[in-house]
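Chemist: attaching a predicted model along with its sequence, questions to come.
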Amino acid sequence: MYQLKKMKPMLIVALTVFMAMMSACSGNNGGNAPVTQAPASEAPTATVAPSDEPNLPAPDLGGREIRISHWWDATPVGDSEADELARERIKKVEEKYNVKIKYLNTEYWSTSEKLSSSVMANDPFADIVRLPDGFIWGLMNGGFLTPLEDYLNNTRIAQDVIDSMRFGGEHVFGLEGWFNANDSGMYYNKRIFKEAGLKDPQQLMDEENWNWTTMLDAAKKLTVDNNGDGKIDQYGLAGAHYTFSEQLIASNGGLIYDEASKKVAFDSPTAMEALNFEYELYNTHKVIKANEGNDWEDPAKYFAEGKIAMYPGGLWEIEGRLTDKMKDEWGYVYFPKSPNALSFTDPLGQTAAYVIPKGVKDAEAIVKIWEELQDFDNWQPNRQLWLENVLPDEASIANAMNEAGKVQRVFGGRFGGLGVKDQLDAVTGKFVKGEITPSTGIAQVIGPAQAAADKVLRGEVEEKKE
């Protein structure tokens, strides 16, 4: 399975419930990036409409306990306004359906096994389960989840979000409230650009000239020996090879995996062009600072220390990796598009979802209960408030909110949990050292990647732990 590492949640106390909602989708983490409780979700491309369901009496569930599982404690116990509103929604649901809401804190890696074993014992451990990305495919295809499309006729969930929960198949197996349009992009150091007399990424973006070419040009000019000792001490870029591959392929209009055809796609012409560019960044242009033992932790550390000019990363990283650690002024822009691309993109490589295990009673009522616990009306204002707390300036906030509508989400290409990215990462990991070319490496792993995906899609669940 697609390996992910855990990371402690980093939440703003005043926005506890919003950050829990943001954990609803994982971000665009690379193959070895941590799972966190706060990757942002993705904004609906269709307008969320109020439910037109008639005011029929709600079913009386007889005082039943409705158990909702996350891999963190989602109980709203704080004194913030968001927590107070969440408690009000819980109270209304409990009275309306005659139930008691209970939140379970299930260990991340144990969630899949706990769900499957309890379903096989005809005693699902929870009524609603936040299923980590990486486990949905196998449980879905193994018959452990309840199809939900018949229960979504009168819903506030946007249709494109519902369709995304089909995971390329016929049935809807997941529940999600919304998706954010822009969860990951490029951080840049304002001081470094200013001292070099270069236009920074925000200026280039404002001029409609922020692309691979201008990023590379800046990276070359900002990879320098500042102290004259003959060694490069400032680089244009830093990052994990698996992050660059995912972002570059998407920004060139390619996919790593195609959900519709169920085929691995990182050998397509658009993907190969992106991978060749990644290879050149490392080996021809040498503008990416080498990591010193930790591909995940090192790049953010270099950026915070002011040793690199640009760093690709997710918005959910800010609080734990940048807040109170930055030496210089910084900003956030979209990841640059390829010269031939029509728009900026943000890949949705993996996603978590709420599911209802097979065998849960009153599934239709459970769907309605889940929906009525969501804060559909305030998710955008809450996201805006959170961004105002973590981003440094108005331009960065506007970019993160995708106010100009220039970022397009890449749907239909999720690969998390299929073992596909593991194979690609094995190749890009060798790019760093120049040990293999993209064409040779991809030819070696495209077959094993497809075999890994096919195995999971057959329902052969195999958990891979740290």
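Modeler: The structure has been received and is ready for your questions.

Chemist: ok, and what's touching the helix ranked longest in the chain?
Modeler: Of all segments of type helix in the chain, defined using DSSP state H, the longest is helix 438-457. Contacts to helix 438-457, defined as Cβ atoms under 8 Å, 6 or more residues apart in numbering, come from residues 1, 137-138, 141, 257, 262-264, 266-267, 272, 275-276, 278-279, 415, 417-420, 422-424, 426-428, 430-431, 462. All C-beta spots, glycine's among them, are computed from the backbone N, C-alpha and C.

Chemist: among these, which are located in strands?
Modeler: If you go by DSSP state E, the contacts of helix 438-457 have Tyr257, Lys263, Val264 in strands.

Chemist: please report how far the last one lies from Tyr279.
Modeler: So that's Val264. 19 Å (Cβ to Cβ, to the nearest Å).

Chemist: so for the two, which residue has more residues nearby?
Modeler: Val264 (30 against 23; other Cβ atoms under 10 Å).

Chemist: gap between the more buried one and Glu297?
Modeler: 29 Å.

Chemist: domain-wise, how is the chain divided?
Modeler: Taking automatic domain parsing as the criterion, the chain consists of the domains 5-181+350-408, 184-348+411-457.

Chemist: next one: the shortest one to chain centre, how far?
Modeler: Going by Cα atoms, centre = their mean, to the nearest Å, the spacing between the C-alpha centre of domain 184-348+411-457 and its chain's C-alpha centre is 15 Å.

Chemist: what mean pLDDT does it have?
Modeler: Mean pLDDT, domain 184-348+411-457: 95.

Chemist: ends of that domain, how far apart?
Modeler: End-to-end distance for domain 184-348+411-457, by Cα to Cα, to the nearest Å: 28 Å.

Chemist: returning to what we had before: now the buried members of the contacts of helix 438-457.
Modeler: The neighbour-count test (16 or more other Cβ atoms under 10 Å) marks 1, 137-138, 141, 257, 263-264, 266-267, 272, 275-276, 278-279, 415, 417-420, 422-424, 426-428, 430-431 as buried among these.

Chemist: which ones among the residues you listed lie within helices?
Modeler: Among those, the members falling in helices (DSSP H) are 137-138, 141, 272, 275-276, 278-279, 420, 422-424, 426-428, 430-431.

Chemist: so Leu85 versus Pro381, what's the distance?
Modeler: Relative to Pro381, and taking Cβ to Cβ, Leu85 is found at 12 Å.

Chemist: the more surrounded of the two?
Modeler: Between Leu85 and Pro381, counted using other Cβ under 10 Å, Leu85 has the larger neighbour count: 16 against 11.

Chemist: you'd agree the more buried one is up against Leu373?
Modeler: No: with contact defined as Cβ atoms under 8 Å, Leu85 and Leu373 do not form a contacting pair (10.9 Å).

Chemist: next, Lys221: phi, psi?
Modeler: Note on Lys221: backbone dihedrals following degrees, to the nearest 10 are phi -70, psi -20.

Chemist: that one: how many residues sit nearby?
Modeler: Neighbours of Lys221 using other Cβ under 10 Å come to 15.

Chemist: tell me if I am right that Ser69 is in a helix.
Modeler: No: under DSSP: H, G, I helix; E, B strand; the rest coil, Ser69 sits outside any helix and is assigned strand.

Chemist: ok, it - how many residues close by?
Modeler: For Ser69, using other Cβ under 10 Å, the count is 24.

Chemist: can you check Pro448 too?
Modeler: Neighbours around Pro448, by other Cβ under 10 Å: 15.

Chemist: isn't Asn283 up against Glu435?
Modeler: No: when contacts are counted by Cβ under 8 Å, Asn283 is not listed as touching Glu435 (9.9 Å).

Chemist: the two: which has the busier surroundings?
Modeler: Taking neighbours as other Cβ under 10 Å, Asn283 and Glu435 compare with Asn283 leading, 15 against 12.

Chemist: and stretch 324-337, end to end?
Modeler: Its start and end residues considered, stretch 324-337 measures 30 Å (Cα to Cα).

Chemist: in it, what's buried?
Modeler: Judged by neighbour count using 16+ other Cβ under 10 Å, the buried positions of stretch 324-337 are Met326, Trp330, Gly331, Tyr332, Val333, Tyr334, Phe335, Pro336, Lys337.

Chemist: please consider this matter closed, and thank you.
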